[in-house]
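K.L.:
After the sequence you'll find the predicted model.
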Amino acid sequence: MHEFDYVVAENLTEATKLLSDHKGSARILAGGTDLLVIMRNGRRQAKLVIDAKKIPELTDLSLNDEGLSIGAAVTCRQIWENTELAGDYPAIIDSASLIGGIQVQGRATIGGNLCNAAPSADAIPTLIAYGAIAHIQNSDGQRQVPVEEICQAPGQTSLSEDEILVKLTIAKPVAHSGAKFLRFIPRNEMDIAVVNVASMVELDSEGKSFLKARIAMGSVAPTPLFVKAAGDSLAGKEVNDESIKAAALIAREAATPITDMRGTIEHRKQLVEVLTVRTLNAAVARAKGEQS
Amino acid sequence: MSKRHHVTTTINGEESDFLCEPRQSLLEVLRDVLKLTGAKEGCNDGNCGACSVLVDGVLVDSCCVLGVEAEGKQIDTIEGMAVNGELHPLQKAFLEETGMQCGICTPGFLMSSKALLEKNPQPDEAEIRHWLAGNLCRCTGYDKIIRAVQRAANEMAGEKV
Ligand SMILES: Cc1cc2nc3c(=O)[nH]c(=O)nc-3n(C[C@H](O)[C@H](O)[C@H](O)COP(=O)(O)OP(=O)(O)OC[C@H]3O[C@@H](n4cnc5c(N)ncnc54)[C@H](O)[C@@H]3O)c2cc1C
Ligand code: FES
Ligand code: FES
């Protein structure tokens, strides 16, 4: 790996000061499962690596009446080991438990997954489906941005050079809601998504019709994609194969994938349709308290 | 050269300190500085698990950790697995079941399997395969490795009775 300096930031003020002093030549280190790999293979350079894992706000994982707060340095393993999350946020567990293998999960963070902004990132569609908010700190204070506004291009976020992601928050899910994340890969584990989809639904108290839905997907565009129209098409509709299929067709239409070694355009579009149907059905089942 | 850091850590229960550059991975430090060559370099990018160690009890790929990050941490490596020359039941089972050929992947599989059995002493086959998905073996084929883990789990359960 190329030479760089390393510093452990003790707090947010120190981290943002270091970032603005270094004007783009510093990088935040969370789990390093993206950063160290791309620095080693030369795709990214940094003069200073700022270890953010000692900043208290970034390590906090809390669940209360308002909802869930995931510090940017909380690992996937801390998430799936937290049995309290499974009840209200099962799709977060879906994502956290399939990013890499156990070793990667011990280091990889949800915040790093977002800030790395890969089109295939497995946590981002889930965060978008849940309507998660990113809390971003800079020298002037904090700003809050919906997660779907973070990724700009592969590897590029809307955070400026002096900004650090502090945490992701998700409001407490309302009654009769559920969410599911699914990824298609040709192996069972340890592979990059050919397509991934997350769906979140809110149903009426009888579970007969949709009040609201949010659908997001990955590996089908330069950034993870929030398909607002697909979710909106379900509002007020009955829960049945027809409405679900119609939403899946909107998602399929919105996907603009490329053909590469992992799949063709046609294959990926087909996968979007299938995974949208499956995640919606599973989210409905979860909303009704059924196993899925 | 960027500033070298003096890092104090605990390795296999013993206090240890070393000097390293920020760019050196924990794997490089273990192997090249501390001469603990049990952890292997397979891919150097987080895919193969041959470099698996525990950091504060959490299984990680040491090629994807910086040496400087070991400051104040407890590191466990394969060198700490046999106690006073007595092989761990997993090490014995890997020998009995021929869970290795060239042996490059073996330290990583042993570290992962040990972490698994500590969390889940009686895993079923699917659970073993899921847990070991981050460890690759190019020679043995996974069936023998799975059998070795099952055998060790049974033996360890027997010992406890
Ligand atoms: C073997 C292997 C398998 C993998 N499998 C998957 C997979 O299945 N699915 C998947 O989605 N990904 C996968 N990844 C990629 C990676 O593990 C994930 O993207 C992970 O979530 C990144 O988190 P991290 O904490 O390691 O990020 P880091 O590598 O520490 O950081 C990633 C990027 O985000 C920036 N960053 C991190 N935290 C902040 C912050 N708080 N504020 C501002 N910027 C920040 C860093 O500077 C860097 O540019 C895999 C990686 C490996 C090595
Ligand atoms: S050498 Fe570290 S995972 Fe392969
Ligand atoms: S025994 Fe050779 S790689 Fe596993």
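P.N.:
Okay, I see it. Numbering: from 1, shown residues only, chains lettered A, B, ... in the order given. Ligands and ions are numbered 1, 2, ... in the order given.

K.L.:
Find the nearest non-adjacent residue to residue 2, please.
P.N.:
This is for chain A. Spatially, and ignoring its direct neighbours in sequence, A:H2 is nearest to A:Q45 (6.1 Å; Cβ to Cβ, 6 or more residues apart in numbering or on different chains). For every residue, glycine as well, the C-beta is placed using N, CA and C.

K.L.:
oops, chain B please
P.N.:
Among residues not flanking B:S2 along the chain, A:E3 sits closest, at 4.6 Å (Cβ to Cβ, 6+ apart).

K.L.:
Please identify which helix or strand holds the one you found.
P.N.:
A:E3 belongs to no helix or strand when assigned by DSSP states H and E.

K.L.:
Show me which residues of the stretch 51-200 of chain A are close to ligand 1?
P.N.:
Within the stretch 51-200 of chain A, the positions adjacent to ligand 1 are A:52, A:72, A:98-100, A:104, A:107-109, A:111-113, A:115-116, A:121-122, A:159, A:164-165 by Cβ under 6 Å from any ligand atom.

K.L.:
try chain B
P.N.:
With the criterion set to Cβ under 6 Å from any ligand atom, chain B comes near ligand 1 through B:D45, B:G46, B:N47.

K.L.:
out of those residues, who's nearest chain A?
P.N.:
B:D45 (4.9 Å; Cβ to the nearest Cβ).

K.L.:
thinking again about what came up before, any idea how far ligand 3 is from the residue nearest to A:H2?
P.N.:
Noted for A:Q45: a distance of 33 Å to ligand 3, by Cβ to the nearest ligand atom, to the nearest Å.

K.L.:
Am I right that that residue falls within a helix?
P.N.:
No - secondary structure assignment places A:Q45 outside any helix; it is coil (DSSP: H, G, I helix; E, B strand; the rest coil).

K.L.:
neighbours around it, how many?
P.N.:
By other Cβ atoms under 10 Å in any protein chain shown, 13 other residues sit near A:Q45.

K.L.:
Per-residue pLDDT of it, please?
P.N.:
According to the prediction, A:Q45 has pLDDT 93.

K.L.:
Can you report phi and psi for it?
P.N.:
The phi/psi pair for A:Q45 (degrees, to the nearest 10) reads phi -120, psi 150.

K.L.:
Now for it: which residues touch it?
P.N.:
A:H2, A:S25, A:M39 (Cβ atoms under 8 Å, 6 or more residues apart in numbering or on different chains).

K.L.:
and the residue nearest to B:S2, how many residues sit next to it?
P.N.:
Per other Cβ under 10 Å, the neighbour tally for A:E3 reads 12.

K.L.:
just checking, it touches B:R23?
P.N.:
Yes - using Cβ atoms under 8 Å, A:E3 is in contact with B:R23, at 5.7 Å.

K.L.:
can you count the residues close to residue 2?
P.N.:
In the absence of a named chain, chain A is used. Counted with other Cβ under 10 Å, the neighbours of A:H2 add up to 12.

K.L.:
Please refer instead to chain B.
P.N.:
Residues within reach of B:S2, counting by other Cβ under 10 Å, total 14.

K.L.:
so how far is A:I128 from whichever residue of the stretch 101-250 of chain A sits closest to ligand 1?
P.N.:
Of all residues in the stretch 101-250 of chain A, A:G112 sits closest to ligand 1, at 2.2 Å by Cβ to the nearest ligand atom. Look at A:G112 and A:I128: by Cβ to Cβ, to the nearest Å, they are 17 Å apart.

K.L.:
What pLDDT is listed against the nearest residue to A:A72 once chain neighbours are set aside?
P.N.:
Of all residues beyond its chain neighbours, the one nearest A:A72 is A:G111 (2.9 Å), with distances taken as Cβ to Cβ, 6+ apart. In this model, A:G111 is scored at 98, pLDDT.

K.L.:
Who are the contact partners of A:G111?
P.N.:
By Cβ under 8 Å, 6+ apart, the contact set of A:G111 is A:A30, A:L58, A:I70, A:G71, A:A72, A:A73, A:V74, A:L165, A:K167, A:L168.

K.L.:
Up against ligand 3, what does chain B have?
P.N.:
Residues of chain B that fall close to ligand 3, judged by Cβ under 6 Å from any ligand atom: B:M100, B:Q101, B:C102, B:G103, B:I104, B:C105, B:C137, B:R138, B:C139, B:T140.

K.L.:
Can you tell me the SS state at the fourth one?
P.N.:
Read it as B:G103. Recorded secondary structure, B:G103: coil (three-state DSSP).

K.L.:
Name the surrounding residues that touch the helix or strand where A:R77 lies.
P.N.:
Taking DSSP H and E as the criterion, A:R77 maps to helix A:76-81. Outside helix A:76-81, the residues within contact range by Cβ under 8 Å, 6+ apart are A:61, A:70, A:85, A:92-93, A:95-97, A:99-100, A:102, A:104-106, A:108-110, A:123, B:58.
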